[in-house]
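**Q** Need the 3D shape of this:
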Amino acid sequence: MTRPATIRRRDILKAGAGLAAFAALPSALLSSALFSSPALAQAAGPAAAAAFAPKPGKWRDFEVVTVLDVKPVEGKGGPAQAWVPLPSYSAADWFRPGESTWKTNAATAQVVKDPHYGAQMLHLTWAEGEAKPSVEITSRFSTRDRATDFSAPGNAAPLSAQERTLFLAPTDLIPTDGIVKATADTITAGKTSDVEKSRAIYEWVVENTYRNAATRGCGTGDVGSLLASGNLGGKCADLNALFVGLNRAAGIPARDLYGIRVAPSAFGYKSLGANSPTISKAQHCRAEVWLDGFGWVATDPADVRKVVLEEPPGKNAMDDAKVLAARKALFGSWEGNWLAYNDGHDIALPGSSGPKLGFLMYPQAEVASLRHDCLDPDAFAYAITASEVAA
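**A** Below you'll find the model as predicted:
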């Protein structure tokens with residue numbers, strides 16, 4: 001049931017006052033306090049959330065540790081191998097990948113690169129008979145909030161012809177013809193600029209999709225099947241891929257970025273941050289569009305639907321102050337509490353006889369050529385932890 005407008009206005013005023021006090025905390029103290037104090041996180045959340053407005057500021061340094069203990073497959077012998085995504089995406093204005101190091105009992109450990117997108121992974125192979133295949137990988141990176149000022153077009157260098165072709169092209173799971181093209185044409189009818197068209201697509205995705213809590217992991221990203229089903233429910237890999245596919249079908253370069261949340265939201269949104277140092281299930285993909293005069297622009301319609309479903313108290317109305325703030329911000333900005341691995345699609349794992357991956361966002365492993373379930377870290381087994389590093 002929708003609350004009266006007077007209550008919503010009162011909530012917004014309370015949110016603004018709460019944010020002023022909350023924002024006075026130093027960023028490093030804020031991050032550590034939110035991880036260590038549930039009471040502070042709870043107190044900060046409702047007060048700060050309605051003012052969600054990331055802006056470029058101080059860079060933050062993080063360390064992510066990924067530990068694999070590859071379990072055997074019952075009744076099957078044979079060698080084990082694994083492929084672990086490494087931070088390889090780079091953007092001068094908001095993301096700087098650092099060094100990755102590892103300790104392992106693998107016979108070989110080699111950094112390999114996808115030939116089309118440049119996505120990097122550590123490929124490990126263990127000798128047959130190795131009882132406990134294991135690896136510990138430590139990756140460092142720096143990141144910060146980002147935002148586009150649409151009132152002031154800049155002088156972004158144009159995309160190269162090769163990049164434009166790549167980020168307009170269909171992928172195995174993101175077609176740009178058929179129902180995708182027809183849907184994009186309907187959404188963008190009457191719009192003239194790429195900014196107007198992309199914003200219309202963003203608003204359409206926010207309005208017409210929903211976050212389905214029953215979807216495993218982050219979803220599959222099968223855009224054609226999603227639209228054909230008429231049931232537009234899923235998670236970030238589905239909803240943001242839909243946004244990317246519709247933009248590409250409308251002639252606007254776009255891409256998914258695959259990564260993982262590493263810290264709480266400084267704006268108090270419980271649903272938009274990692275709320276524990278253990279982030280094994282905190283994977284999240286975001287999306288970008290290329291807009292002339294602005295360059296790559298941050299977007300995340302899937303996170304708007306996550307706020308609707310999950311932000312406490314949950315199942316929020318579309319006109320809730322928290323939802324409205326996220327919806328406004330997430331076309332053009334996002335918060336720097338997230339690691340970007342890569343922007344790759346249709347990833348073939350070197351040395352594997354199994355199928356290609358729609359995207360590489362989770363550790364992968366095979367034993368005797370049988371692939372483990374990457375969405376079940378406890379059975380796999382793997383654990384990922386994150387910590388902020390003092391400057």
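**Q** Am I right that Gly98 sits in a helix?
**A** No - per DSSP: H, G, I helix; E, B strand; the rest coil, Gly98 lies outside any helix segment and is strand.
**Q** any idea whether the nearest residue to it once chain neighbours are set aside is helix, strand or coil?
**A** Nearest residue to Gly98 in three dimensions, chain neighbours excluded: Arg140, at 3.6 Å (C-beta to C-beta, 6 or more residues apart in numbering). Glycine gets a C-beta too; all of them are placed from N, C-alpha and C. Here Arg140 is strand, with the state taken from three-state DSSP.
**Q** Count the residues that sit near Arg140.
**A** Arg140 has 16 neighbours, counted by other C-beta atoms under 10 Å.
**Q** and it, what does it touch?
**A** If a contact means C-beta atoms under 8 Å, 6 or more residues apart in numbering, then Arg140 has 61-64, 98-100, 389 as its contacts.
**Q** Can you select the buried ones from these in ChimeraX?
**A** Buried members of the contacts of Arg140, defined by 16 or more other C-beta atoms under 10 Å, are picked up in ChimeraX with:
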select :61,62,64,100
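**Q** can you tell me which of the contacts of Arg140 lies nearest to Val180?
**A** Closest approach between these and Val180, by C-beta to C-beta: Val64, at 34.1 Å.
**Q** roughly how far apart are that closest one and Lys328?
**A** Distance from Val64 to Lys328, counting by C-beta to C-beta, to the nearest Å: 30 Å.
**Q** likewise Gly78?
**A** Separation of Gly78 from Lys328 (C-beta to C-beta): 53 Å.
**Q** Can you pull the phi/psi pair for the spatially most central residue of the chain?
**A** Nearest residue to the geometric centre of the chain (C-alpha atoms, centre = their mean): Cys285, 2.2 Å. Note on Cys285: its backbone torsions stand at phi -110, psi 150 [degrees, to the nearest 10].
**Q** need the contact list for it.
**A** Contacts for Cys285 (C-beta under 8 Å, 6+ apart) come out as 218, 236-237, 240-241, 256-259, 302, 359, 361.
**Q** Wait, Asp114 touches Ile347, no?
**A** Yes - counting by C-beta atoms under 8 Å, Asp114 touches Ile347, with 5.6 Å between them.
**Q** which neighbours do these two share?
**A** Joint contacts of Asp114 and Ile347 (C-beta under 8 Å, 6+ apart) are Leu360.
**Q** what mean pLDDT does stretch 189-205 have?
**A** Computed over stretch 189-205, the mean pLDDT rounds to 98.
**Q** Next: stretch 136-145.
**A** 98.
**Q** how about that stretch: buried residues?
**A** Within stretch 136-145, the residues that qualify as buried are 137, 139-145, counting by 16+ other C-beta under 10 Å.
**Q** Name the nearest residue to Pro301, sequence neighbours excluded.
**A** Among residues not flanking Pro301 along the chain, Val205 sits closest, at 4.2 Å (C-beta to C-beta, 6+ apart).
**Q** ok now do that neighbour, which residues does it touch?
**A** Per C-beta under 8 Å, 6+ apart, neighbours of Val205: 239, 242-243, 246, 301.
**Q** where does the stretch 51-200 of the chain have low pLDDT?
**A** 75 (pLDDT under 70).
**Q** Give me the outermost residue of this structure relative to its centroid.
**A** Most distant from the centre of the chain: Gly129, at 37.0 Å, with distances by C-alpha atoms, centre = their mean.
**Q** can I assume it sits in a strand?
**A** No - per three-state DSSP, Gly129 lies outside any strand segment and is coil.
**Q** Contact partners for it?
**A** Listed by C-beta under 8 Å, 6+ apart, Gly129 has no contact partners.
**Q** ditto for Asp93
**A** Counting by C-beta under 8 Å, 6+ apart, Asp93 touches 56, 146.
**Q** make it 10 Å
**A** By C-beta atoms under 10 Å, 6 or more residues apart in numbering, the residues touching Asp93 are 56, 144, 146, 295-296.
**Q** Nearest to Gly118, out of those: which one, please.
**A** For the contacts of Asp93, the nearest to Gly118 is Trp296 (15.3 Å; C-beta to C-beta).
**Q** in what helix or strand does that closest one lie?
**A** strand 295-299 (DSSP states H and E).
**Q** coming back round to it: only whichever of the contacts of Cys285 are buried, select them in PyMOL.
**A** Those of the contacts of Cys285 that count as buried under 16+ other C-beta under 10 Å are selected in PyMOL with:
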select buried, resi 218+236+237+240+241+256+257+258+259+302+359+361
